[in-house]
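1. The sequence and its predicted three-dimensional model are supplied below.
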Amino acid sequence: MSLIAVDGLSVRYGENTVLHDVSLAVEPGEIVTIVGPNGSGKTSLLKAIIGAARPAAGDVRLKPGLRIGYVPQRLHIDPTLPITVERFMRLTEKVARTDCMAALDAAGVPDLLKRQMSQLSGGQFQRVLLARALINQPEILLLDEATQGLDQQGSAAFYKRIETVRAETGCAVLMISHELHVVMSASDRVVCLNGHVCCEGTPAVVASAPEYRALFGTGTGGALALYRHEHDHDHDHDNPHSHEAAE
Amino acid sequence: MLDDFMTRATLAGIGVAFAAAPLGCFVVWRRMAYFGDATAHAAILGVALSLALQMSIFLGTVVVALMMAFAVTLLAGRGYAMDTLLGVLAHSALAFGLVAVSFLSGIRIDLMAYLFGDILAVSHSDLLVIWGGAALVVALIAWRWSPLLTATLNEELAYASGIDPKREQLILTLALAITVAVAIKVVGVLLIAAMLIIPAAAARNFARTPEAMALIAAAIGGVSAIAGLRAAYLLDTPAGPTIVCVAAVIFAAFSAFGWRGRSGV
C-alpha cells in the first residue's frame, strides 16, 4: 500500500483557500518532489501530511505506524536553549551514543557530538538535521526546503546524499524544493503545485509540460538544460550506478 | 522540627524554587516571560474571588490563572501584538483584583501579604499545599519533558513525531497556574515571574543541555530561597523580595563569568 495517500485535499486558512482538491500518493522507495511558486501551498501540503494543518475537505491517510523522518525548513533554536548535537539527536527517540556517532559519521559530520547546535555552520546544521531524521530508519523522509541557506554546492551535495540514503535504505522521500534544476535530477517523480496539482510525472515530462512552463516562465529552458547537463554528467563521471539503480 | 517558622519558610521557599526551575526554563525558551507575569498578576483577582466565595485560595488562584491563560490564547492573533495584549491583560487583572479586594470590607486582609508574599507565616497546611503543588508541577513536566522540548524546538518536528504541540502548551499552562497558586504565599503575585525567570536565565550561562539548565536553575532557586531567608532574618528585610534579590545577584555574577568564558570564542 502507499505510504502516504492524499485524496481530494483542500486546506483553508480563514477565507483563504491555499490547497484545492489535491491528490497525491507516495509509494515505498520513491523520491517525489513538489515544486511550485511561492504561495502555491507546498508547505501547507506537507503540514497537512504531518497533521499540523487540518483538511477543510478530503483526507490524508498514512500507512499505519508509518515511521516519518522530518527535516524542517528552518529550525531556529532560541539562544537561551542550550543543546548539544548528541542531545538533539536523541530528541524524540531513545538512541545509544554509538548509534548517534554512526549516524553523524554517515552524514559526513563526525566529532560534532559534544558541540552546541548553535555553534554549527549552516551546512553542518543541515547534516545534523538529516542525520536525526534518519536515525530511526524512517520509511519516508519529508524535507521542507531543506537546503535553504546552503550554497549551490552545498545543496547539490545534500541531494546527492538523499539519493544515497534512498539507495542504501530504500526509504521513500517526499520533498519540497525551489531549486528546480538540482531537484529535477534527483527525483523519480515531480509534482508541480499551484493551489492544485498542475502537472505531474517524471522530471523530463514535467519540465516540458506547458503548465510548468507557464508557472516558471523563462527560467524553464535554463532549468531543463541544467537538468540534462547534470544528468549526463552523473552518468559519465561520478557514479554511474546510483542513477541506474534509481530507474 | 516543622514547629520552627524559619524551617517551614525555608522548606516552602525550596518547594517553590524546585517547581519554578524546570517550568521557568520553558518560560525562558518559549519567550513566555510576559505570559507568566500576566498569569501571576491575575492571581490577585483569584485571591479576591476566593475570599468572597469563602473557598480555598489555592483553588481560586489556579482557576483564575487558567482563565487568564485561556483568555490570552483566545485573543492572540486578533490584531494586537502579543506584548501589548499581555500588558493590557496583566495590568487589568491586577487592577481589577485590587479593586475587588477593596470590596471585601467585611474581611480584614493584608494586601501586602498577597502582593509580596508572607513566607514567614507559612503554616503546616500551607506547606502541605506548596509541596503537593510543587510535586505535581515537577511530575507533570518530567512526564512530558521530551515532547515539551520537541514542541519548543519546532512545532512541525513535533507533529511529525506524533506530538501535539497544542496539548503540550496546555500542560505548560496548567503547570504555570499551579506554580502561581503555590508561590503566592512565598513571593507574592508581583514577584512570581522573577522566581521563574531569574534562576533559569542565570543557569543558561553554565548549562550545555536542557536538562542541566533545569537542574542548575533548581539549585540556584534553592540557594536563593535559603540565603534570601537568612539575609532577611539578619537584615530585617521583607523575605520574598530578599529571596528575589539574592537570585538577581547570582544572575549578575553568573552572567559576568559567562561572558568572560565566552569572550574567547
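-> Alright, I've got the coordinates.
2. what's near enough to touch the residue in chain A that chain B sits nearest to?
-> At 3.4 Å from chain B, residue A:70 is the closest residue in chain A, using Cβ to the nearest Cβ. From N, CA and C alone the C-beta is placed, and that goes for glycine too. Applying Cβ atoms under 8 Å, 6 or more residues apart in numbering or on different chains to residue A:70 gives the contacts A:50, A:133, A:141, A:142, A:144, B:156, B:157, B:160, B:161.
3. Give me the secondary structure label for it.
-> strand (DSSP: H, G, I helix; E, B strand; the rest coil).
4. hey, what's it bridged with?
-> residue A:142 (DSSP bridges).
5. Which members of the contacts of residue A:70 occur in helices, if any?
-> A:50, A:133, B:156, B:157, B:160 (DSSP state H).
6. Looks like the third one contacts residue A:144 (just checking).
-> Spelled out, it's residue B:156. Yes: counting by Cβ atoms under 8 Å, residue B:156 touches residue A:144, with 7.2 Å between them.
7. Now do the shared contacts for these two.
-> Contacts common to residue B:156 and residue A:144, judged by Cβ under 8 Å, 6+ apart, are A:46, A:70, A:72, A:73.
8. Redo these as TSV? Include distance to residue A:155.
-> What follows is the shared contacts of residue B:156 and residue A:144, written out as TSV (distance: Cβ to Cβ, whole Å):
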residue	distance to residue A:155
A:46	18
A:70	18
A:72	16
A:73	13
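9. and residue B:141, that's in a strand?
-> No: counting by three-state DSSP, residue B:141 is not found in a strand; it is helix.
10. Nearest to residue A:105 among the ones in helices among the contacts of residue A:70?
-> residue A:133 (15.8 Å; Cβ to Cβ).
11. how many other residues sit next to the closest residue to that closest one other than its chain neighbours?
-> Leaving aside its sequence neighbours, residue A:133 sits nearest to residue A:69 (Cβ to Cβ, 6 or more residues apart in numbering or on different chains; 3.4 Å). Look at residue A:69: counted by other Cβ atoms under 10 Å in any protein chain shown, it has 25 neighbours.
12. for the one 3 residues further on, same thing?
-> Other residues near residue A:72 come to 20 when the count uses other Cβ under 10 Å.
13. That one touches residue B:154, doesn't it?
-> Yes: with contact defined as Cβ under 8 Å, residue A:72 counts as touching residue B:154 (5.2 Å).
14. need the contact list for the residue of the stretch 1-150 of chain B found nearest chain A.
-> Closest residue of the stretch 1-150 of chain B to chain A, Cβ to the nearest Cβ: residue B:29 (4.5 Å). With contact set as Cβ under 8 Å, 6+ apart, residue B:29 has these partners: A:78, A:80, A:81, B:152, B:210.
15. Any stretches of chain A with poor pLDDT?
-> A:179, A:181-182, A:184, A:217-247 (pLDDT under 70).
16. quick one on the thing from earlier: I'd assumed residue A:140 was in contact with the residue nearest to residue A:133.
-> Yes: look at residue A:69 against residue A:140 with Cβ under 8 Å: they come within range, at 7.1 Å.
17. then stretch B:23-37 to CSV, C-alphas only?
-> Taking C-alpha atoms only, stretch B:23-37 is exported to CSV below (Å, rounded to 0.1, in the frame of the first residue of the first chain):
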residue,chain,number,x,y,z
LEU,B,23,8.9,25.5,34.3
GLY,B,24,11.0,28.7,34.2
CYS,B,25,13.3,27.1,31.7
PHE,B,26,10.4,26.6,29.3
VAL,B,27,9.1,30.1,30.0
VAL,B,28,12.5,31.4,29.0
TRP,B,29,13.0,29.1,26.0
ARG,B,30,9.5,29.8,24.7
ARG,B,31,9.7,33.6,25.4
MET,B,32,6.7,33.4,27.7
ALA,B,33,8.0,35.7,30.4
TYR,B,34,5.2,38.2,30.0
PHE,B,35,2.7,35.4,29.8
GLY,B,36,4.0,34.2,33.2
ASP,B,37,3.7,37.7,34.5
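18. count of residues packed around residue A:94?
-> Residue A:94 - counted by other Cβ under 10 Å - has 8 other residues nearby.
19. Skipping adjacent residues, who's closest to whichever residue of chain B sits closest to chain A in space?
-> Relative to chain A, the nearest point of chain B is residue B:160 (3.4 Å; Cβ to the nearest Cβ). Nearest residue to residue B:160, sequence neighbours excluded (Cβ to Cβ, 6+ apart): residue A:70, at 3.4 Å.
20. Next: residue A:136.
-> Nearest to residue A:136 is residue A:93, by Cβ to Cβ, 6+ apart, at 4.8 Å.
21. Kindly indicate whether that neighbour is helix, strand or coil.
-> Applying three-state DSSP: residue A:93 is coil.
22. which residues do residue A:69 and residue A:140 both contact?
-> Shared contacts of residue A:69 and residue A:140, counting by Cβ under 8 Å, 6+ apart, come down to residue A:171.
23. Pull up the residues of chain A that are close to chain B.
-> A:46-47, A:50-52, A:68, A:70, A:72-73, A:75, A:77-78, A:80-84, A:87, A:91-92, A:116, A:142, A:144 (Cβ under 8 Å from any Cβ of the partner chain).
24. Quick one: the strands in chain A, in order.
-> For chain A, applying DSSP state E gives strands covering A:4-13, A:16-26, A:31-35, A:57-62, A:68-71, A:140-144, A:172-176, A:189-193, A:197-201.
25. returning to what we had before: farthest-apart pair in the contacts of residue A:70, please.
-> A:144 and B:161, at 14.6 Å, using Cβ to Cβ across the contacts of residue A:70.
26. neighbour count winner among the two?
-> Each of residue A:144 and residue B:161 has its neighbours counted (other Cβ under 10 Å); residue A:144 has more, 23 against 20.
27. Grab the two from the shared contacts of residue B:156 and residue A:144 that are most spread out in space.
-> A:70 and A:73 (10.4 Å).
28. any common contacting residues for these two?
-> A:144, B:156.
29. which residue sits closest to residue B:204, ignoring its sequence neighbours?
-> residue A:80 (5.5 Å).
30. Nothing else from me, thank you.
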